[in-house]
Each structure stands twice: as structure tokens, then as C-alpha cells.
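Visitor: need coordinates for the below:
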Amino acid sequence: MVLVLVEHSEANPTDPSLQALTLARSFGQPVHALLVGAAADLSEHGVSVTHVAEHVALGSFAPDAWAAILGEVAGRLSASAVIAAGTERGNEVIARLAARTGLPFAANCIAVSPGPPVTVTRLRWGGSLLEEARLHGSHALITVAPHVVPVEPSPMPADIERFTPDLSDEDLLVRVVEHVAALGGGVSLTEAKVVVSGGRGVGSKEGFAMIEELAGLLGAAVGCSRAVTSAGWRPHTDQVGQTGTKVAPEVYIACGISGATQHMAGLKGAKRILAINTDPEAPMMLNADYAVVGDLKEIVPAISAEIRKSR
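Guide: Below is the predicted model of the structure:
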């Protein structure tokens with residue numbers, strides 16, 4: 001049996017968690033899901049049993065509590081593997097479970113073979129290298145690289161089992177106590193259908209006004225490269241890449257971004273890439289579906305002007 005930690009938003013499972021469920025079925029064993037705080041409909045995703053942890057202290061995210069619950073359920077079910085999405089939350093919970101159990105943890109996996117031992121293929125160096133590794137332990141601890149494994153529905157009826165976990169004070173020492181909205185609000189990078197990103201080529205903090213203008217017209221989120229956050233032009237929360245946010249929009253518009261490996265690792269899930277750059281040989285231009293060679297300071301305002309005309 002394989003146990004998958006499923007993250008959800010308002011009782012809707014997140015896409016990375018659905019991708020983790022797809023990979024979990026590669027084990028050829030029954031798949032159980034663990035949700036914390038609320039149930040979600042997983043009947044289309046090959047889940048035999050959905051375990052829902054309910055506790056008065058679970059109104060906010062507490063990573064040690066989640067790890068304790070995951071370990072409790074995995075032990076009770078004798079799970080051969082415990083899997084989560086390779087999100088910030090998923091990686092943190094599985095890492096804490098690994099520390100509790102002393103078991104090896106493989107992150108950013110894109111394929112598995114049940115073994116024994118369990119063999120995984122995982123992304124390294126921002127996706128430029130694939131590593132094959134073997135996990136030796138009583139059960140495998142794995143996170144799945146977001147937006148790499150496609151979601152494949154597998155309808156089947158799923159039983160729901162609710163339970164109240166036994167949590168200690170130590171499990172609740174670290175927890176989220178407040179959510180602070182990002183300055184300016186706007187569309188979330190992780191949920192945006194369109195992302196307009198700027199790189200060093202934008203030239204300055206003030207130069208992002210035209211990026212924000214285009215994003216506003218498209219109902220898009222604003223992103224940026226690491227060079228931009230390093231220069232202090234945009235907050236780290238806007239950064240797309242290996243050390244930033246991983247996005248999966250329908251369209252990713254890259255303005256003045258060279259396309260370093262670390263940045264490309266963050267947009268592997270993008271369906272289409274439109275790149276604007278003065279250098280036709282820049283990696284971003286070579287990886288784009290559509291490339292515009294020219295000065296973004298002329299092209300981006302021109303695009304915005306044409307959108308206004310069409311409205």
C-alpha cells in the first residue's frame with residue numbers, strides 16, 4: 001500500500017498533489033490518501049481510501065504535526081512508500097518525517113520502480129540532470145517534482161475514514177499563526193493562467209511598471225528572475241525558478257530574461273513560452289514557442305497598446 005499526502009485548497013486537491021497520486025500508482029499497489037483538516041473528492045484519481053485527520057489544533061499548518069500524523073497513518077497501514085508533492089509544504093513535511101524515522105528521503109522524483117529496493121528517477125541541477133537512486137529502508141519517502149508528471153485520472157470509488165490524531169505539545173510548537181498578503185495583492189503565481197516575467201533586461205525597479213501594466217491587461221501574475229530579486233527590484237515571492245516559485249501557466253511571457261538553467265527549472269510546467277529579448281541566441285529564446293527579437297522597452301508597451309485597441 002502507498003500513502004500520499006494530499007494538499008488542498010478549500011477542499012479542492014492541488015494539481016501537484018494530483019500529480020503525486022498519478023506517480024504513486026506506478027507502485028502497482030492500492031493508493032491511500034491523507035488529508036489534513038478537510039476531505040476532498042479523489043474518486044477520479046485511483047484512491048482506495050481517503051484518511052481525513054481532524055483536530056482542533058489543525059486550523060493552521062503545523063509541519064511537525066503533519067509529519068506525526070503522516071507517520072502514524074503510514075505505520076498503521078504498513079505503507080511501503082509515503083509520497084507528497086514536491087511543494088514547499090510537501091518537502092518540509094516529508095523532510096521532518098525522514099528526521100523522525102531515520103529513513104532516506106528522495107525529492108523531486110519523476111518516476112519510480114517498486115523494487116525492492118525502490119528505485120527513483122529524480123531531477124537534479126534544475127532539471128539538467130536525471131539521477132537514478134535506490135532507497136533502502138522499511139518504506140520509501142518521496143516527493144514528486146511539480147508539473148512534470150501529467151495527471152492521469154483513474155476513476156474508482158474511495159472510502160473516507162475520519163480520525164482524530166494524538167498530537168503532543170511539541171508537535172504544535174511550529175505552526176502558521178498569520179497570513180500576510182503580498183504587497184499589491186493580484187494574481188497568485190502558482191495559480192495564474194498567464195505569467196508576465198521580467199529579467200535583468202528590464203533595467204530597473206521602475207522598469208517593471210510596463211511589466212505590471214501588461215500583466216494587468218491580461219489578468220496575469222507578475223514574475224521575475226533571480227537577478228531581479230538579487231538587485232532588489234522585486235520581492236523574492238515574485239521569483240520564478242529553482243530557488244523560487246514553480247509555475248504552470250497556459251502562457252509564460254519572458255521579458256529580458258536570458259533563461260539560465262535555474263530559471264527554466266521553475267517554468268517546466270508552462271504550456272507556451274513567449275520570449276522577448278535582444279539576443280536571439282539566448283537560452284530562453286531557443287526554448288520559447290514564440291520569440292520576438294527586439295527591445296522589450298518598445299515591444300511590451302506596443303503589445304499593451306494593441307490590447308487596449310482591441311477592447
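Visitor: state the phi and psi torsions of residue 291.
Guide: Main-chain dihedrals, residue 291, degrees, to the nearest 10: phi -130, psi 130.
Visitor: can you count the residues close to it?
Guide: 17 (other Cβ atoms under 10 Å). Placement of C-beta: from N, CA and C, glycine included.
Visitor: one more: residue 262?
Guide: Counted with other Cβ under 10 Å, residue 262 comes out at 19.
Visitor: next up, the contacts around residue 13.
Guide: By Cβ atoms under 8 Å, 6 or more residues apart in numbering, the contact list for residue 13 reads 6-7, 40, 42, 45.
Visitor: no, scratch that, I was asking about residue 32
Guide: Per Cβ under 8 Å, 6+ apart, neighbours of residue 32: 1-4, 47-51, 73, 77, 79.
Visitor: these two touch, right, residue 100 and residue 69?
Guide: No. Under the criterion of Cβ atoms under 8 Å, residue 100 makes no contact with residue 69, lying 11.5 Å away.
Visitor: between the two, which is the more surrounded one?
Guide: Each of residue 100 and residue 69 has its neighbours counted (other Cβ under 10 Å); residue 69 has more, 25 against 13.
Visitor: still on that earlier bit, show me which of the contacts of residue 32 is closest to residue 191.
Guide: residue 4 (21.4 Å; Cβ to Cβ).
Visitor: list the residues that contact that closest one.
Guide: 17, 20-21, 24, 31-34, 47, 82-84.
Visitor: element containing it?
Guide: Per DSSP states H and E, residue 4 falls inside strand 2-5.
Visitor: all helices for the stretch 151-300 of the chain, in order.
Guide: 208-218, 226-230, 261-264, 283-287, 296-310 (DSSP state H, counting those that start in this stretch).
Visitor: can I get those helices in TSV with distance to residue 271 and mean pLDDT?
Guide: As requested, these are arranged in TSV below (distance: least, Cβ to Cβ, whole Å; pLDDT from 0 to 100):
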stretch	distance to residue 271	mean pLDDT
helix 208-218	15	95
helix 226-230	23	94
helix 261-264	15	90
helix 283-287	13	95
helix 296-310	19	95
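Visitor: which of the ones you listed sits closest to residue 159?
Guide: Residue 159 sits nearest to helix 261-264 of all the helices of the stretch 151-300 of the chain, at 41.5 Å, using Cβ to Cβ.
Visitor: now name the helix or strand holding residue 32.
Guide: Using DSSP H and E, residue 32 falls in strand 31-36.
Visitor: give me the helices and strands touching the helix or strand just after that strand, please.
Guide: Next helix or strand after strand 31-36 toward the C-terminus (DSSP H and E): strand 47-53. If contacts are counted by 3 or more Cβ pairs under 8 Å, 6 or more residues apart in numbering; DSSP states H and E, strand 47-53 sits against strand 31-36, helix 63-77, strand 159-163.
Visitor: tell me which of the ones you listed sits most buried.
Guide: strand 31-36 (a mean of 24; mean count of other Cβ atoms under 10 Å).
Visitor: go through the helices and strands packed on strand 47-53 and name the closest to residue 276.
Guide: helix 63-77 (39.7 Å).
Visitor: quick one, the closest one and strand 159-163 angle?
Guide: Angle of helix 63-77 versus strand 159-163, following axes from the mean of the first three to the mean of the last three Cα atoms, to 10 degrees, is 120 degrees.
Visitor: which outside residues touch helix 63-77?
Guide: 1, 3, 5, 32, 34, 36, 51, 53, 55, 57-58, 79, 82, 89, 92-94, 96-97, 100-101, 139, 165-168, 170-175.
Visitor: quick one: average confidence on the strand holding residue 32?
Guide: Mean pLDDT, strand 31-36: 96.
Visitor: residues near residue 49, how many?
Guide: Neighbours of residue 49 (other Cβ under 10 Å): 17.
Visitor: name whatever forms a beta bridge with it.
Guide: Taking DSSP bridges as the rule, residue 49 bridges to residue 32, residue 159.
Visitor: contacting residues for it?
Guide: Residue 49 neighbours (Cβ under 8 Å, 6+ apart): 30, 32-33, 158-161.
Visitor: sheet-wise, list the partners of the longest strand anywhere in the chain with their directions.
Guide: In terms of residue count, the longest strand belonging to the chain (DSSP state E) is strand 105-113. Strand 105-113 has the following strand partners under DSSP bridges: strand 118-124 (antiparallel), strand 140-144 (parallel).
Visitor: ranking those by burial, who's on top?
Guide: Buried most deeply of the strands paired with strand 105-113, by mean count of other Cβ under 10 Å, is strand 140-144, with a mean of 27.
Visitor: from the middle of its chain, how far away would it be?
Guide: In terms of Cα atoms, centre = their mean, to the nearest Å, the centre of strand 140-144 is set 14 Å apart from its chain centre.
Visitor: what's it in contact with?
Guide: Under Cβ under 8 Å, 6+ apart, the answer for strand 140-144 is 16, 19-20, 23, 80-86, 90-91, 94, 97-98, 101, 103-110, 112, 118, 120, 135.
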